[in-house]
Every structure is written in C-alpha cells, then in structure tokens.
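Chemist: Coordinates for the following, if possible.
(chains A and B)
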Amino acid sequence: MTTALSWIKADETAKEALVRILTERPLVVLPPPLHRLPLRVGNIVELVGPSPSAKTLILIQAAINCILPKEWKGVQYGGLERAVFFVDLDCRLDVLSVSRALERRIIEANGSSMKRNGNEYEKELFEACMRRFLYTRCYNSFEFLATLKTLHYQLQKDKKNQGSAAYMLIIDSIGAFYWMDRALPSSSTGSNNRKILSLQTVAESIVREIQRLLLVHPMLVLAAKSAAFGDKQSATEVIRHSGKRTDEKSSDSRGPRSLPHRDYMPSVWQSFVSHRVLLRASDGENKHQNHPTFFTEWLSPPLNFSDSYTINDDGLLVIL
Amino acid sequence: MSPLEVLERDYPLIDSSFRMFCASHGIFTVQDFLVHDLYELEAFAERDYAQDKLKQGIAQMVSKIESQRRPWLNGLELLEDSQINKGTLSTGCERIDVLLQGGLREGHVTELVGPSSSGKTQICLKAASNVSRKYSGTVMYFDTGNSFSAKRIAQFLSQPSDPADIEVNKTVQRVMSSIVCHSIFDIFTLLDMLHQLMNNLKSQIGCQVRMLIIDSLSSLIAPILGGGGAHGHSLMLTAGFLLKELAHEHNLSVVVTNHMVAGEAGISKPALGESWKSIPHVRLLLSRYNAINGSCISILKHPYLAAGKTTEFMVR
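Modeler: Below you'll find the model as predicted:
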C-alpha cells in the first residue's frame, strides 16, 4: 500500500522535471550552418549534399562543439564536454583534420579573451577533448551492423570511463554501401523464413539497431549522405537540369531549384530521419575569393532560412 | 559468408542444437545473424525448454562479433597512429611536394585525374622511382595500359650525373628490384590481386609495401559501368573500399589515375564520376599548361588542405 502511494505521489515538480530534462537532454545549438534549429538527443539529422559540399567538415565542427568543455580555467569554449562516437563508413577521415580544427578552436577561444596561457595547459585541454572523440571505421554494411550491435557495450564502458554519457553519434556517410548492398547475392534458397540479404533488410536492421540504442543511450544522431547518385533516371534528370541552368541563371541564382531532391535510401531510413538539411553548390557566379560557395536548404522541417557558406584557405567554414 | 558450423571449433556453445534453433529462424550465416533482431531472437529462446543454453549461445555469438569488429579508438590513439605510421612520401617533384605539404600521404588514396598527356603516368613513374630510392619497402605498380616504362625510371635515377657512373648503376639496380610491376587488364584480376596483397600484408609474407600505384584504374572500371545495373558500381566501390582498407590498415600510400572522357556539351569529365567521388581522400586535377611539358596541378579535394590551390610543375 505504502509503495503504491509513494509511487503515485508526485516526487518532482514541473520545474524540477524541466531542470532534470534540460540537464539530461540539453538542447544544443550546433555550429553554423546547422544553427537554425535547436536540436536535442533523439533527433536524427541528415546532411545531404554532393561531393564536395563540406559535409564531413560540418560533422567535425559539430563533434568539436560536443567534445569541448563549456569552460576551462576561466576561458569560455561553449562546448558540452560530452563524448562523440564517430562511425566512418566512407573510411577517409583523417585525424589531422579533427586535431587541426580543434587546435584552431582552442586558440581562437583563448585569443578572444586575451588570456594567453602556456602551451602546456592548452595541450591538457586538447588531450582531454581528443579522448572524448571516439572513432571506428567500417568497410561494409556487415561491419557497420556488427559495430551497431555491440555499440551498447562500448557506450557503457565509455560512460564509466568518462563519467558522463556520449552525446552524439555521427555516421559519415550513410549511403556509402548503397551500391554494394544493391548487388548483394540473393541467396534465397533453402528455408522460407530466411531473410534475404538485401539493401532493404540491411537498412531495416540499421534503423532498428539505432532505435534500440537510442532507447537506452539517448544521443543526437548526425548522418551525412552524398547526394546526386542513384539510378540512371535521376542522372539524366541532373543532366537535363544542368542544361536548363544556363537560362535560369539570370533570374535566380540562390532560390529554390526546380530540381527536387531525390532520395535513394530505402524508405525505412528516409522516414527515420527527423531533420534533413540539403547542401547545394551555388552557381559559378557567386564565387567568394575564388572559393566555391554552398548554401543550405532545410527540407524537413521546411524552413525559409538559407545560409551561404564557403571554405577558406585554412579549411574553415565561413558563413557569408 | 561464414556459415555457423565453422564457429563451433572456437565457440563450443554454437553446437548443433543451437544451430537448429538458428536455422528455424532462418539464420545460417554470421551475416544472417547480423541482420536479425537479437531481442526477438532472445524472446524466442526464452520460450524454448533449453533457454539458458540458447541464450548463452546468443551471447557467445555477440562476443564473437564483438571480437571481430574493428576497435573504437579515441582521438589521441588515432593521432598517435597517424604520427607513427603515416608519414608523407616525397613524389620527387618539388612543387607537388610543396603543394601537398610534404607529398603523398601514407594511409591516403590519392587520385590523379586529368586528360591524356597531362602527366598522370609521368607523376606515377616519378613517384615510384623516388619512393623506392628514398624509402625502404617496395612499390607495387599495377599497370593496366602497358604504360610502365623501366627506361623512364632509369632516366629519372641517373639524371644528375653521368649514366655510366657505377654508383648510379647500383642505385638503378636496387631501385628497379624494389619496384614490382604487374600487368592487369580486367577488374576481376585487380580484385584478386588486391585481396592477395591484403592477405600477404596481414600474414606479413614478403617485404613491406610502401606504395601502390594503379595506372590507370579508370580504364579497368569505366567499361563495366553503365547499363543501368548495380553490378558495375558495386565492383567499382568494392575495389575502392579495398584500396582504402589497404591504405589505412597497412599504411600504404595508394595512387590511382582517372582519365577524362567527353561529357555533355563537349566538356570533358572524369571517367569515374559521381559515385567514385566518395572513395579517394585526395583528388588532384592535372591539366596541360603549355607545349613544353609543363602541366598544372590543383587540389580538388583534400582532408585538411584547401581546395583550389594550384601549382605548375614539370616532370623531368
């Protein structure tokens, strides 16, 4: 009786609950160009864009925001001090691109507050941050599935080591094995209830594993996806479009294009994504100091904001 | 596709009764197990009279998967690996080395794309001669168009001095013996060779390999693309991922070349197009600059250097 009563009894006011939720599941504003919407754990954010459109760079910037502390010895870094799990399906992340970007951020933050401290303790911060960046790579879909199936243990282990749970799961890029999975040998012989290994079943398992994982370990999932490949039909559409572009150019060079975004991933993944941002290259005319410029388009939720950005000589993303 | 039977030797719990249980759910191989919902499987196992044994079997399968997947490394461990194992290899062209901050990186797949006579093969030959002269280990050269020229390499090596010099002859001998050239004329032979190279490196048969050059990769792959099927693309990406695995896991610098074909409206485009773009770490565009052997090289894509940087060079 008493246990039932204590269960019914309110043990938390709304304020306490809000405080708890905001500390457990803080809203986070990612660095531009993803700063338009506050995101929180449980969101699945997909970045779609051609190569090159700085997808990996945006992911790295987001990761750095997560691994940096909010404050370190009096200097504001504005980070979350939480771990990031980076699953590299493209298998080409160079750790130097992460370390150089992190160093630059640390130096920048120190420079703005005019508190130049010795290299040594920046190094300490750098090492603490790099330790929160966890990385693995997968060379095919089955390695990816094996990674997801065992990620649970890894997250627990990491939670014990770091003292706080991981905040972000980054997948770069989700469509990497599309063609390989499409050509999987269909060995449907034998038992009837045997699942056919195909693009569809692999995608279903991936979504299921991530869903399972998020129930136990709430995280924000960021996934990159390269656009503009798919079947022949969409390829010809791109060609037709680029042919049309010459006379379109004069009217509007930045507005929404006639070319719709075509998704090639199985629908189970498409519907799993909660936020989708499309990255596009601007037309040749608005080059910014000889660097190609890109702009964002929020597909879901549909927003009217569009940010233009370019990559400068230092490999930094600059919002125009 | 490894069938479950093979696992019994190392994992005694995966015995015939466990395999029977798996088979009744359509699981015959490790891949089947991976696409299966484990919670569902465990729920079924609970209904069985031998539930403990089955659950232990499932746990053993998971630990087997756990032991086989690639490890999670933190940023510092990655950085250490990169500093110890992944240096840069000088190409022998000073200007290209400056552009790339030291040269071709071990662990990277570097693509040279450009029209014919823009210097792709020359860079490959120059890099092969320079790397095998300056560094230990062999250079694998996969030649798909009979463009490998030992004569040209000898010419590079004997350049500064008189070719009759005995010292030079010695280096030529040494360098020549550490460049291994294979002629490959179709994608299946290429995949075979890559698998073989991977196995050799894994079991450490033969000497260390520093560099793998495929000149040209696109002439093997371009013929199998098109036709609307997925198989051409699948083979291309399989080869691409093999190259990335070789480069990263065994610290090779991989260089591939990609020729240009006529595209729409007369503008030439790379033979390996959009879906290939996700493979190379570094893409370098070559173009002919002037008539006297001068060429231009510019960065199209690089993990940490800005795209668009250009330099002129000449391979002599």
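Chemist: Just the buried positions in stretch A:13-28, please.
Modeler: The neighbour-count criterion (16 or more other CB atoms under 10 Å in any protein chain shown) identifies A:V28 as the buried residues of stretch A:13-28. Quick note: C-beta positions are derived from backbone N, CA and C, even for glycine.
Chemist: Sorry, wrong one. I was asking about stretch A:90-104.
Modeler: Within stretch A:90-104, the residues that count as buried by 16+ other CB under 10 Å are A:90-102.
Chemist: Tabulate those residues in JSON lines, adding columns for pLDDT, distance to B:F21 and secondary structure.
Modeler: Below are those laid out as JSON lines (pLDDT from 0 to 100; distance: CB to CB, whole Å; DSSP: H, G, I helix; E, B strand; the rest coil):
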{"residue": "A:D90", "pLDDT": "92", "distance to B:F21": "37", "secondary structure": "coil"}
{"residue": "A:C91", "pLDDT": "91", "distance to B:F21": "35", "secondary structure": "coil"}
{"residue": "A:R92", "pLDDT": "89", "distance to B:F21": "41", "secondary structure": "coil"}
{"residue": "A:L93", "pLDDT": "91", "distance to B:F21": "40", "secondary structure": "coil"}
{"residue": "A:D94", "pLDDT": "90", "distance to B:F21": "45", "secondary structure": "coil"}
{"residue": "A:V95", "pLDDT": "91", "distance to B:F21": "43", "secondary structure": "helix"}
{"residue": "A:L96", "pLDDT": "89", "distance to B:F21": "48", "secondary structure": "helix"}
{"residue": "A:S97", "pLDDT": "90", "distance to B:F21": "47", "secondary structure": "helix"}
{"residue": "A:V98", "pLDDT": "92", "distance to B:F21": "44", "secondary structure": "helix"}
{"residue": "A:S99", "pLDDT": "91", "distance to B:F21": "48", "secondary structure": "helix"}
{"residue": "A:R100", "pLDDT": "89", "distance to B:F21": "51", "secondary structure": "helix"}
{"residue": "A:A101", "pLDDT": "90", "distance to B:F21": "49", "secondary structure": "helix"}
{"residue": "A:L102", "pLDDT": "91", "distance to B:F21": "49", "secondary structure": "helix"}
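Chemist: Which parts of the chain are helices?
Modeler: All of this is about chain A. Assigned by DSSP state H, chain A shows helices spanning A:2-8, A:14-24, A:55-67, A:95-112, A:119-131, A:141-162, A:178-182, A:199-216, A:232-248, A:267-272.
Chemist: meant chain B, my bad for not saying
Modeler: All helices of chain B, identified by DSSP H, fall at B:16-24, B:30-35, B:38-47, B:51-68, B:75-85, B:94-99, B:120-134, B:150-157, B:166-177, B:187-202, B:218-221, B:231-249.
Chemist: Of all residues in the chain, which one is nearest the centre?
Modeler: The chain I'm using is chain A. A:L222 (2.3 Å; CA atoms, centre = their mean).
Chemist: My question was about chain B, not that one.
Modeler: Nearest to the geometric centre of chain B sits B:L243, at 1.5 Å (CA atoms, centre = their mean).
Chemist: Next up, the contacts around residue 21.
Modeler: I'll assume chain A. With contact set as CB atoms under 8 Å, 6 or more residues apart in numbering or on different chains, A:I21 has no partners.
Chemist: try chain B instead
Modeler: Per CB under 8 Å, 6+ apart, neighbours of B:F21: B:F44, B:A45, B:D48, B:L54, B:G57.
Chemist: One more pass at 6 Å, please.
Modeler: The neighbours of B:F21, taking CB atoms under 6 Å, 6 or more residues apart in numbering or on different chains as the test, are B:L54.
Chemist: distance of it from chain A?
Modeler: Going from B:F21 to chain A by CB to the nearest CB, to the nearest Å gives 13 Å.
Chemist: where does that residue land on pLDDT?
Modeler: pLDDT recorded at B:F21 is 88.
Chemist: rewinding a little: columns distance to A:V84 on top of the helices of chain A, output as CSV?
Modeler: As requested, the helices of chain A are arranged in CSV below (distance: least, CB to CB, whole Å):
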stretch, distance to A:V84
helix A:2-8, 37
helix A:14-24, 18
helix A:55-67, 4
helix A:95-112, 10
helix A:119-131, 10
helix A:141-162, 10
helix A:178-182, 25
helix A:199-216, 15
helix A:232-248, 33
helix A:267-272, 20
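Chemist: how about those, which one is nearest B:K277?
Modeler: Of all the helices of chain A, helix A:55-67 sits nearest to B:K277, with 11.6 Å by CB to CB.
Chemist: Next, see if that closest one gets close to chain B.
Modeler: No. For a cut-off given as CB under 6 Å from any CB of the partner chain, helix A:55-67 has no contacts with chain B; the smallest distance is 7.9 Å.
Chemist: Residue numbers of chain B in contact with chain A?
Modeler: Contact residues, chain B versus chain A (CB under 6 Å from any CB): B:26, B:31, B:34-35, B:65-66, B:69-70, B:72-76, B:78-79, B:82, B:228, B:230-231, B:233-234, B:237, B:241, B:244-245, B:264, B:274-275, B:277-278, B:281, B:301, B:303-304, B:306.
Chemist: surely the residue nearest to the centre of chain B meets B:V254?
Modeler: Yes. At 5.1 Å, B:L243 and B:V254 qualify as touching, with contact defined as CB atoms under 6 Å.
Chemist: which residues are common contacts for those two?
Modeler: With CB under 6 Å, 6+ apart, B:L243 and B:V254 have common neighbours B:V109.
Chemist: follow-up on the earlier one: now render the buried residues of stretch A:90-104 as JSON lines, adding distance to chain B.
Modeler: Below are these laid out as JSON lines (distance: CB to the nearest CB, whole Å):
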{"residue": "A:D90", "distance to chain B": "6"}
{"residue": "A:C91", "distance to chain B": "4"}
{"residue": "A:R92", "distance to chain B": "5"}
{"residue": "A:L93", "distance to chain B": "7"}
{"residue": "A:D94", "distance to chain B": "4"}
{"residue": "A:V95", "distance to chain B": "4"}
{"residue": "A:L96", "distance to chain B": "5"}
{"residue": "A:S97", "distance to chain B": "4"}
{"residue": "A:V98", "distance to chain B": "6"}
{"residue": "A:S99", "distance to chain B": "6"}
{"residue": "A:R100", "distance to chain B": "6"}
{"residue": "A:A101", "distance to chain B": "8"}
{"residue": "A:L102", "distance to chain B": "8"}
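Chemist: re the thing from before, mind checking which of the residues of chain B next to chain A are buried?
Modeler: Using 16+ other CB under 10 Å as the threshold, B:26, B:31, B:34-35, B:65, B:69, B:72-76, B:78-79, B:82, B:230, B:233-234, B:237, B:241, B:244-245, B:274-275, B:277-278, B:281, B:301, B:303-304 are the buried ones among those.
Chemist: about what we covered before: out of the helices of chain A, which gets the lowest mean score?
Modeler: Among these, helix A:232-248 carries the lowest mean pLDDT (a mean of 40).
Chemist: what's the burial count for B:E46?
Modeler: Neighbour count for B:E46, taken as other CB atoms under 10 Å in any protein chain shown: 11.
Chemist: Thanks a lot, see you next time.
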